[in-house]
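Peer 1: my questions are about this predicted structure, shown below with the sequence.
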Amino acid sequence: MPTHLGSNQYGKAENRVVRIYRDTDRHEIRDLNVSTSLRGDFDEAHTTGDQTKILPTDTQKNTAFAYAKEHGVTSPEDYALALGTHFLDAAPAATAAQIRVEEYAWDRITVDGREHDHSFVRGGTETRTCVVTVEGRGADQRLWVLGGLQDLVVLKSTGSEFKGFLKDGYTTLPEADDRVLATSLTARWRYDLDTIGDVEGFDWDGTYGSVRSILLAAFARTHSRALQETLFVMGDEVLGAHPEVAEIRFSAPNKHHFLYDLSPFGVENNGEVFIAADRPYGLIEATVSRDDASDPGSAWTAVPGFI
Ligand SMILES: O=c1[nH]c(=O)c2[nH]c(=O)[nH]c2[nH]1
C-alpha cells in the first residue's frame with residue numbers, strides 16, 4: 001500500500017525553566033514552561049531510521065536551560081527569539097523553529113507593608129504566553145511573534161444582557177436583561193515586527209502589561225449584549241492603542257452562572273444566588289484584525305487551540 005510522510009515536527013515540550021536574577025539583594029524571577037519544535041527536512045528520520053540530521057530533543061532541552069543564563073530572560077519574547085534563531089544555526093536541516101513559552105507570575109510577598117526582596121507568592125491562575133516562529137536563515141530569515149495570555153478569569157455581576165436571539169422549537173433559554181458574564185479568557189496577539197523595527201530594543205514586558213490592562217478595562221467598561229460583542233470591543237481597543245499589534249484572537253468559554261430557583265422554599269432570588277456550571281459551556285472564538293494587517297505568514301502554524 002503506497003504511503004508517504006506528511007507534515008511533521010519534533011522537539012522538547014514543557015521544559016520548566018526557572019531563571020533567578022540574584023545580582024543584587026533584590027532578586028527577580030522568571031518562571032517559564034518552554035516548548036521547542038523544529039520543522040524541515042527530517043524525512044529520513046521517519047522513513048529510513050537515519051538520525052544524521054536530527055538535533056536531539058535532549059540537546060534542545062539543554063539549550064533552553066543554557067540560554068536562560070547565556071542569553072538571559074528579560075522577557076519571554078526576547079528569550080524565545082534568541083532560542084529560535086539559535087536552533088536554525090544548530091540544525092542545518094531545519095527550515096523553521098517554533099518556541100512556545102508560558103510564563104507563571106510570581107508576586108513579591110508584602111511584609112510589614114514592604115515588598116520582600118526574595119520571597120514570592122504565585123500570582124493568580126493566569127499565564128502569559130508567547131510563540132516565536134523563525135523561518136530561514138541570513139537575509140531571508142523571517143520572524144513571527146505572538147504575545148498572549150491564558151486563563152485570565154473575569155466576571156461582571158451586572159452590565160450584561162443576552163436577548164433578541166434566534167428561537168426555534170428547541171429554544172428554552174429565557175431572554176436576560178441582567179445576567180452574570182464570566183469567562184476564562186485566552187488571547188493571542190500577533191506583533192507586526194516591521195512596525196516595531198528594533199525587535200531587540202522593544203519593551204515586550206511593558207506592552208504585555210498594557211494589552212492586559214486594556215483587555216480588563218474594556219471587559220469592565222463595556223455593557224455587554226453578548227460575549228461576542230465584548231470580545232470584539234476588547235480586540236478593537238487593543239488594536240486602537242497598539243499600532244504594533246496586527247491582530248488579536250480570542251477563545252473565551254462562557255462560564256454560565258444560572259439563577260438558582262429558591263421558590264420551592266418560598267425564598268425570593270433577586271439575582272443574588274447562582275449555580276456556577278462548569279460544563280457544558282458556550283465557546284466563543286473570534287479574531288479582530290486591522291484592515292491593513294500584514295500577512296500572518298507562519299505565525300499561527302501549529303499553534304494549538306486557535307481558529
Ligand atoms: O454571550 C452569549 N453568546 C451566545 O452566543 C450565547 N448563547 C447562549 O445560550 N448564551 C449566550 N451568551
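Peer 2: It's in. Residues are numbered from 1 along each chain as shown.
Peer 1: now do the closest residue to Ile20 other than its chain neighbours against Thr52, distance only.
Peer 2: Spatial nearest neighbour of Ile20, chain neighbours left out: Ile29 (5.3 Å); criterion: C-beta to C-beta, 6 or more residues apart in numbering. C-beta here means a position set from N, CA and C on the backbone, and glycine is covered the same way. Applying C-beta to C-beta, to the nearest Å, the value for Ile29 to Thr52 is 40 Å.
Peer 1: which one's more surrounded, those two?
Peer 2: A count of neighbours by other C-beta atoms under 10 Å puts Ile29 above the other of Ile29 and Thr52, at 16 against 7.
Peer 1: pretty sure the more buried one sits in a strand.
Peer 2: Yes. Counting by DSSP: H, G, I helix; E, B strand; the rest coil, Ile29 is located in a strand.
Peer 1: OK, contacts around the residue of the stretch 1-150 of the chain found nearest the ligand?
Peer 2: The ligand sits closest to Gln150 of the stretch 1-150 of the chain, with a gap of 19.9 Å, by C-beta to the nearest ligand atom. By C-beta atoms under 8 Å, 6 or more residues apart in numbering, the contact set of Gln150 is Glu102, Glu126, Thr127, Thr129, Leu185, Thr186, Ala187.
Peer 1: how much space between the residue nearest to Ile20 and Tyr191?
Peer 2: For Ile29, the distance to Tyr191 - C-beta to C-beta - is 25 Å.
Peer 1: also Ala68?
Peer 2: 22 Å.
Peer 1: which one of the two is surrounded by more residues?
Peer 2: The neighbour comparison of Ala68 against Tyr191 (other C-beta under 10 Å) goes to Tyr191, with 26 against 20.
Peer 1: element containing the residue lying closest to that one once chain neighbours are set aside, please.
Peer 2: Nearest non-adjacent residue to Tyr191, counting by C-beta to C-beta, 6+ apart: Val145, 4.6 Å away. In the assignment (DSSP states H and E), Val145 maps to strand 142-156.
Peer 1: what's downstream of that strand, the next helix or strand?
Peer 2: Strand 142-156 is succeeded, C-terminally, by strand 181-191 (DSSP H and E).
Peer 1: mind giving me the packing neighbours of that following strand?
Peer 2: Judged by 3 or more C-beta pairs under 8 Å, 6 or more residues apart in numbering; DSSP states H and E, the packing partners of strand 181-191 are strand 114-135, strand 142-156, helix 204-221, helix 227-241, strand 245-254.
Peer 1: list the strands paired with the shortest one, with their directions.
Peer 2: The one in question is strand 245-254. Using DSSP bridges, the strands paired with strand 245-254 are strand 181-191 (antiparallel), strand 282-289 (antiparallel).
Peer 1: could you dump these into TSV and include distance to Asp198 and mean pLDDT?
Peer 2: Below are the strands paired with strand 245-254 laid out as TSV (distance: least, C-beta to C-beta, whole Å; pLDDT from 0 to 100):
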stretch	distance to Asp198	mean pLDDT
strand 181-191	12	98
strand 282-289	24	98
